[in-house]
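Peer 1: build me a model:
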Amino acid sequence: QFPSEIAVREAKFNQKTFYTGTFRDITDRKESEIKLKENEQRFRSLSRATFEGIIIHEQEKIMDTNIAAANMFGYELSEMVGMSGWELIVPEYHDLVVEKMTSGSEKAYEVIGVRKDGSTFPLEVESKVFLYRGNQNGVAALRDITERKLAEAALRESEERFRAVMEQAADAFIIHDLEGKIIDVNQSTCKSLGYSRQELLNLYVEDIEENFASQGFPKKWKNLIIGRPITIEGIHRRKNRTTFPVEIRLGLLKAGNGKLILALCRDITERKKAETALLLEQEKSEKLLLNILPKPIAERLKEGDSTIAEGFAEVTVLFADLVGFTELAGRATPQRLVYWLNEIFSRFDLLAEKYGLEKIKTIGDAYMVVGGLPDPMENHAEAIALMAIDMLEEVAHFADQQEQSFNIRIGINTGPVVAGVIGRKKFIYDLWGDTVNIASRMESHGIPGVIQVTEDTYQILQHKFLFKERGLINIKGKGYMKAYILREKKKL
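Peer 2: A predicted model of the protein is given here:
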């Protein structure tokens, strides 16, 4: 069996009627019609399913459309078929549509569409000519780009706000790519670096950053993550080659299919000056504190230790007093008196430093020093004895220089003490205990120009120094105690 087409004709011959028929095999035509129908059905199914509006038109008349187009313009599907396409576009854009259709351009272009209710909206159109139902027709793909236009407007507004913020900011804004090529800057950048905007747009970050290589800027850029800015410091170089410190906040931005870096740069010259001044003040305070307290004690105070008191099993304490200085004060001017005391005690301070001893305090014309605290010291008694001998020599030498009869008494004792910081204002590091009191009594009951020590100190030093036994002396509160006169260190 096969499809055929039959043509029948009537004819008369000798007054008789005859019929003739022709048969034509139309298998090929039927197959083409089926294929065309299937293609039309596939096209209609596709056009119904797509989110884009599809309009097939002959000249300006709409021959077919889809649901997306009907919904886009607010019509029923049946209403649109047969309409003039011009009804869907505002008149101001008719010439543009004609131009695009006659030129054969298949590139997308934008017009303003008109809905059934008269409202308008931005519309993107792509059109081309194709064969439809055996005729040359136009097909237009339509996209409502309202959301895109709103997004573009919002982006423009955002960019304008960003630009306004950039231009009004006192800090420098620099936008550059991942290679360091400068893309954009604000006026503050130009002002701080001394370049014009156009000059900066021809430069790279390494042209204005002194520490570009040493600080590893490219590596820092590579490790940036969007939404996680970092802050670093750098040194910017002006056009005139002078430099200044900056704090740089780096942020990674997404720009289309690529990425850019936003650098907010703040001149921190004044901050650095303030930090330097503060550091100097801290150093001054540190030195002042160390002039008042031993270093280990000062460190504990800085760490917030408010109660500092320790017991030491054995230390050696020295008291020294300038003999007759009170009477001398009545004859000298205050300035001269202070000068003498300062000179003598300053020499004692150098001796304490030389032997690793800790100066405790001065009271009037009295000087107190200790060996064996706050840091333990094995030879504390020996160090005190050596300092005492040098103190006699320093006083004698200074008296000769000043042509004055300065003299000194020195008392030394060895034993346990308690040491700590007392007071909240003008606090001092001080010692307490019988060892301290007896050392003081050794000085006050001593002989001018002589070093007097107790039995305890003598027992420690007798093998290294020469002594003379003074005998028993009456110590207030203690009764009679044996005392010794320290003369000199033994020769080896």
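Peer 1: so where's the stretch 51-200 of the chain uncertain?
Peer 2: For the stretch 51-200 of the chain, residues meeting the criterion pLDDT under 70 lie at 51, 130-135, 158-167, 169.
Peer 1: which parts of the stretch 51-200 of the chain are strands?
Peer 2: In the stretch 51-200 of the chain, the strands defined using DSSP state E, counting those that start in this stretch lie at 53-58, 61-65, 109-114, 120-132, 135-144, 172-176, 182-185.
Peer 1: between these, which gets nearest to residue 340?
Peer 2: Closest of the strands of the stretch 51-200 of the chain to residue 340 is strand 172-176, at 60.9 Å (criterion: Cβ to Cβ). Glycine gets a C-beta too; all of them are placed from N, C-alpha and C.
Peer 1: and the closest one, what does it pack onto?
Peer 2: With contacts taken as 3 or more Cβ pairs under 8 Å, 6 or more residues apart in numbering; DSSP states H and E, strand 172-176 sits against strand 182-185, helix 187-193, strand 258-267.
Peer 1: let's have those in JSON lines, adding distance to residue 152 and mean neighbour count.
Peer 2: Listed next are these as JSON lines, based on distance: least, Cβ to Cβ, whole Å; neighbours: other Cβ atoms under 10 Å:
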{"stretch": "strand 182-185", "distance to residue 152": "20", "mean neighbour count": "19"}
{"stretch": "helix 187-193", "distance to residue 152": "27", "mean neighbour count": "18"}
{"stretch": "strand 258-267", "distance to residue 152": "19", "mean neighbour count": "18"}
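Peer 1: could you chop the chain up by domain?
Peer 2: Split into domains by automatic domain parsing, the chain comes to 1-42, 50-144, 153-267, 307-489.
Peer 1: buried deepest among these, which one?
Peer 2: Mean neighbour count, computed with mean count of other Cβ atoms under 10 Å, is highest for domain 307-489 among the domains of the chain, reaching a mean of 17.
Peer 1: what about that one, average pLDDT?
Peer 2: Domain 307-489 shows a mean pLDDT of 89.
Peer 1: still on that earlier bit, which one of the strands of the stretch 51-200 of the chain lies closest to residue 87?
Peer 2: strand 109-114 (7.0 Å).
Peer 1: quick one: contacts of that closest one?
Peer 2: Contact with strand 109-114 is made by 72-73, 87-90, 92-93, 96-97, 100, 120-125, 142, 144-145, as judged by Cβ atoms under 8 Å, 6 or more residues apart in numbering.
Peer 1: now do 6 Å
Peer 2: 88-90, 93, 100, 120-121, 123-125 (Cβ atoms under 6 Å, 6 or more residues apart in numbering).
Peer 1: likewise stretch 221-233?
Peer 2: 178, 247-252, 261.
Peer 1: before we move on, the earlier item: residue 453 is nearest to which of the strands of the stretch 51-200 of the chain?
Peer 2: Using Cβ to Cβ as the measure, strand 172-176 is the one of these that comes nearest residue 453, at 72.1 Å.
Peer 1: tell me the angle that closest one makes with strand 258-267.
Peer 2: Angle between the axes of strand 172-176 and strand 258-267 is 160 degrees (criterion: axes from the mean of the first three to the mean of the last three Cα atoms, to 10 degrees).
Peer 1: still on that earlier bit, as a markdown table, the helices and strands packed on strand 172-176 with distance to residue 483 would be great.
Peer 2: Formatted as a markdown table, the helices and strands packed on strand 172-176 follow (distance: least, Cβ to Cβ, whole Å):
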| stretch | distance to residue 483 |
| --- | --- |
| strand 182-185 | 84 |
| helix 187-193 | 76 |
| strand 258-267 | 71 |
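Peer 1: between those, which one is nearest to residue 203?
Peer 2: It's strand 182-185; of those, that one is closest to residue 203 (Cβ to Cβ) at 5.4 Å.
Peer 1: same for that closest one, what does it pack against?
Peer 2: Here strand 182-185 touches strand 172-176, helix 197-200, going by 3 or more Cβ pairs under 6 Å, 6 or more residues apart in numbering; DSSP states H and E.
Peer 1: which of these sits closest to residue 67?
Peer 2: Nearest to residue 67, of those and by Cβ to Cβ, is strand 172-176 at 45.8 Å.
Peer 1: partners of that closest one, with directions?
Peer 2: Take DSSP bridges as the rule and strand 172-176 pairs in its sheet with strand 182-185 (antiparallel), strand 258-267 (antiparallel).
Peer 1: give me the contacts around the first one.
Peer 2: Identification of contacts with strand 182-185 by Cβ under 6 Å, 6+ apart yields 174-176, 197, 200-201, 203.
Peer 1: redo that, cut-off 10 Å
Peer 2: Contacts to strand 182-185, defined as Cβ atoms under 10 Å, 6 or more residues apart in numbering, come from residues 163, 166, 172-177, 189, 192-193, 195-197, 199-205, 207-208, 255, 260-263, 265.
Peer 1: same question, stretch 80-97
Peer 2: 53, 55-66, 69-70, 72-73, 75, 98, 109-116, 120, 123, 125, 127, 138, 140, 142.
Peer 1: could you redo the last one with a cut-off of 7 Å?
Peer 2: Residues outside stretch 80-97 that contact it (Cβ atoms under 7 Å, 6 or more residues apart in numbering) are 55, 57, 60-62, 64-65, 69-70, 73, 109, 111-114, 120.
Peer 1: ditto for stretch 430-438
Peer 2: 317, 360, 370, 413, 415-419, 422, 454, 475, 478.
Peer 1: take the residues you listed and lay them out in JSON lines including distance to residue 234 and secondary structure.
Peer 2: Output for these, formatted as JSON lines (distance: Cβ to Cβ, whole Å; DSSP: H, G, I helix; E, B strand; the rest coil):
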{"residue": "317", "distance to residue 234": "56", "secondary structure": "strand"}
{"residue": "360", "distance to residue 234": "50", "secondary structure": "strand"}
{"residue": "370", "distance to residue 234": "51", "secondary structure": "strand"}
{"residue": "413", "distance to residue 234": "62", "secondary structure": "strand"}
{"residue": "415", "distance to residue 234": "61", "secondary structure": "strand"}
{"residue": "416", "distance to residue 234": "58", "secondary structure": "strand"}
{"residue": "417", "distance to residue 234": "55", "secondary structure": "strand"}
{"residue": "418", "distance to residue 234": "54", "secondary structure": "strand"}
{"residue": "419", "distance to residue 234": "49", "secondary structure": "strand"}
{"residue": "422", "distance to residue 234": "49", "secondary structure": "strand"}
{"residue": "454", "distance to residue 234": "66", "secondary structure": "strand"}
{"residue": "475", "distance to residue 234": "70", "secondary structure": "strand"}
{"residue": "478", "distance to residue 234": "70", "secondary structure": "coil"}
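Peer 1: picking that back up, closest one to residue 274 among the domains of the chain?
Peer 2: Residue 274 lies closest, by Cβ to Cβ, to one member of these: domain 153-267, at 11.9 Å.
Peer 1: just the endpoints, please. Distance across the closest one?
Peer 2: In domain 153-267, first residue to last residue: 35 Å (Cα to Cα, to the nearest Å).
Peer 1: how far off centre is it?
Peer 2: How far domain 153-267 lies from its chain's middle: 16 Å, per Cα atoms, centre = their mean, to the nearest Å.
Peer 1: for stretch 465-484, same thing?
Peer 2: On Cα atoms, centre = their mean, the centre of stretch 465-484 falls 68 Å from that of its chain.
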